[in-house]
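> Would you be able to build a 3D model of this:
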Amino acid sequence: MSENYLERHGATRAWGTHRAPARHRHYRVAVVAVLAAAAVCAATAVAVIIAHRGGAVRPVATLPDSGFSIGGVSSVAFSPSGTMLATGDNDGSTSLWTATALRRVGTVTDPASDGVSAVAFSPDGDIVATGDADGQVYLWDVTTGGQIASLSDPGSIAGTGISALAFSPRETMLATSDGDGGSTYIWDIVTKRVIAMVIDPGSDLDGVTSVAFSPDGATMATGDGDGDAYLWNVPNWSQIATLADPGSGGVNSVAFSPDGATLAVGDGNGHGYLWDVATARRTATLDDPGTGAGVVSSVAFNPSGTTVAGGDRDGSAYLWSITSKGPLLLPSATVTVPGGKAVNSVGFSSAGVLATGSSNGSTYLWRVG
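Got it, this is the predicted structure:
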């Protein structure tokens, strides 16, 4: 049953208590029942609560995690429709929120793990995948909160685990990258089997840090800790191009533009880069003025493809207007997390709302355009 069906018919998103399979008995699903009927028209409802003053951008909502953890919120992801938001936390929990009513509808908890490192929604919004530091990926039913499957990373070493997840937009495929072996595995989520594997040529102990599919599903990008991003052909999984990071600071995040023509890359030296996917040429450098750690931890495009957001370890997310011309682009706006804690993850909803997951354990929503 799709999320759109639930919204149209006013059904209740009641996440009951579920017992995981015997091998995962420590799993629990904590539940708060919320009427999906409250989630009406994402763009309109969000617009009502947006606040601007003197041009400053302020958070329109703060979503606290379900418990205290060192490292806070590690990953955020909106459902394709933009009505649901998943936030993964280093305490091992993943919360699901209505993006309009701004309520937590449920929490799924990873058993005895070092934390959730990545979250992603399936193209139809019916499944949310979570990856953890123990090398496990779990598939959860968004409607019921029940665990659908557990996928074990074949190459993961304990303590490093899953670094990134991405669903293919056109197929029943899920890409999972590990943080130690330099491998990305492609799973068929129907059969729960690995159907392909790609290995970053330059990756060693730094592993693969990020993975993304192009909107048409024909290309996959991976980034590694050695400073390179790679483009791969789907479905034969041959390497198309290598995009070498000029700063050699390690690639932390990759994201395709909505039209698939541009790849944004965030690195460990505090820079972002834009690459032309067709020619594999760098078209612009995104200047990060951060004075802290100078690490762009996450990048994302807004729905129109005119703005790139980059989360920084200095506690800010910078926004660059890529309609500007020139090889060096300065931020057009900045949002700063209260307390100046690191921004670990950024993501846009289909309505253009920006979510930033912070190391202080909260996720902030911003209207930035």
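
> Which phi and psi values does the closest residue in space to S214 that isn't next to it in sequence adopt?
Using CB to CB, 6 or more residues apart in numbering and skipping the chain neighbours, the partner closest in space to S214 is G260 (4.2 Å). Placement of C-beta: from N, CA and C, glycine included. Backbone geometry at G260, expressed as degrees, to the nearest 10, gives phi 80, psi 0.

> One more: the one 4 residues further on?
In terms of degrees, to the nearest 10, the main-chain angles of A264 are phi -100, psi 140.

> same thing with T144?
The phi and psi values for T144, taken as degrees, to the nearest 10, are phi -100, psi -20.

> From the structure, what's the count of residues near it?
For T144, the count of nearby residues is 17 (other CB atoms under 10 Å).

> The one 10 residues further on now?
Other residues within reach of P154, judged by other CB under 10 Å, total 13.

> repeat for N236
Using other CB under 10 Å, N236 has 7 neighbouring residues.

> still on that earlier bit, residue contacts, the residue nearest to S214?
G260 sits next to 214-216, 218-219, 277 when contact means CB atoms under 8 Å, 6 or more residues apart in numbering.

> what's the spacing between it and N302?
The gap separating G260 from N302 is 15 Å, by CB to CB, to the nearest Å.

> same check, this time on Y138
Note on Y138: its distance to N302, by CB to CB, is 29 Å.

> Apart from its neighbours in sequence, what residue is nearest G315?
Distance criterion CB to CB, 6+ apart; nearest residue to G315, sequence neighbours excluded, is G340 at 3.6 Å.

> Would you mind confirming that the one you found makes contact with D314?
Yes. The pair G340 / D314 is scored as a contact, 7.2 Å apart, by CB atoms under 8 Å.

> now the strands: where do they sit in the stretch 151-300 of the chain?
In the stretch 151-300 of the chain, the segments counted as strands under DSSP state E, counting those that start in this stretch are 162-167, 173-178, 183-188, 193-199, 208-213, 219-224, 228-233, 239-244, 251-256, 262-267, 271-276, 281-287, 296-301.

> Can you show me the CA trace of the fifth one as PDB?
Coordinates of the C-alpha atoms in strand 208-213 are reproduced here as PDB (Å, rounded to 0.1, in the frame of the first residue of the first chain):
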ATOM      1  CA  VAL A 208      33.400   4.100  -0.400                       C
ATOM      2  CA  THR A 209      31.700   7.000   1.300                       C
ATOM      3  CA  SER A 210      28.800   7.800  -0.900                       C
ATOM      4  CA  VAL A 211      26.600   6.400  -3.600                       C
ATOM      5  CA  ALA A 212      23.800   7.900  -5.800                       C
ATOM      6  CA  PHE A 213      21.800   7.000  -8.900                       C
END
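
> from here on, count from 31
OK, 31 is where the count begins now, so the last one is strand 238-243.

> Which strands border that strand, and is each parallel or antiparallel?
According to DSSP bridges, strand 238-243 forms sheet pairs with strand 249-254 (antiparallel).

> between the strand it pairs with and strand 301-306, how many degrees?
Computed by axes from the mean of the first three to the mean of the last three CA atoms, to 10 degrees, the angle separating strand 249-254 from strand 301-306 equals 150 degrees.

> still on that earlier bit, tell me which of G370 and D344 has more neighbours.
When G370 and D344 are compared on other CB under 10 Å, the one with more neighbours turns out to be D344, at 22 against 13.

> next one: phi and psi at the more buried one?
phi -80, psi 0.

> Could you check how far the nearest residue to L93 once chain neighbours are set aside is from M227?
Leaving aside its sequence neighbours, L93 sits nearest to T393 (CB to CB, 6+ apart; 4.4 Å). For T393, the distance to M227 (CB to CB) stands at 32 Å.

> Let me know the pLDDT of H48.
Looking at H48, its pLDDT stands at 38.

> Over to Y35?
Y35 is assigned 29 on the pLDDT scale.

> One more: D246?
Predicted confidence (pLDDT) for D246: 97.

> Report whether the expected contact of V228 with L261 is present.
No. The criterion here is CB under 8 Å, and V228 misses it with L261 at 10.6 Å.

> between the two, which one's more packed in?
Set V228 next to L261 and count neighbours by other CB under 10 Å: V228 wins out with 22 against 19.

> Can you name the residues bridging to the more buried one?
Under the criterion used (DSSP bridges), V228 bridges to T214.

> dump the residue contacts of it.
Contact analysis of V228 by CB under 8 Å, 6+ apart lists 213-214, 216, 250, 252, 260, 262, 267, 269.

> ok, N282 to P288 distance?
With distances taken as CB to CB, N282 is found 21 Å from P288.

> For these two, work out which one has more neighbours and name it.
Using other CB under 10 Å as the criterion, N282 and P288 rank with N282 on top: 27 against 15.

> Quickly note the distance from the more buried one to T366.
From N282 across to T366, the span is 20 Å (CB to CB).

> pLDDT score for G209?
Among the per-residue scores, G209 holds a pLDDT of 74.
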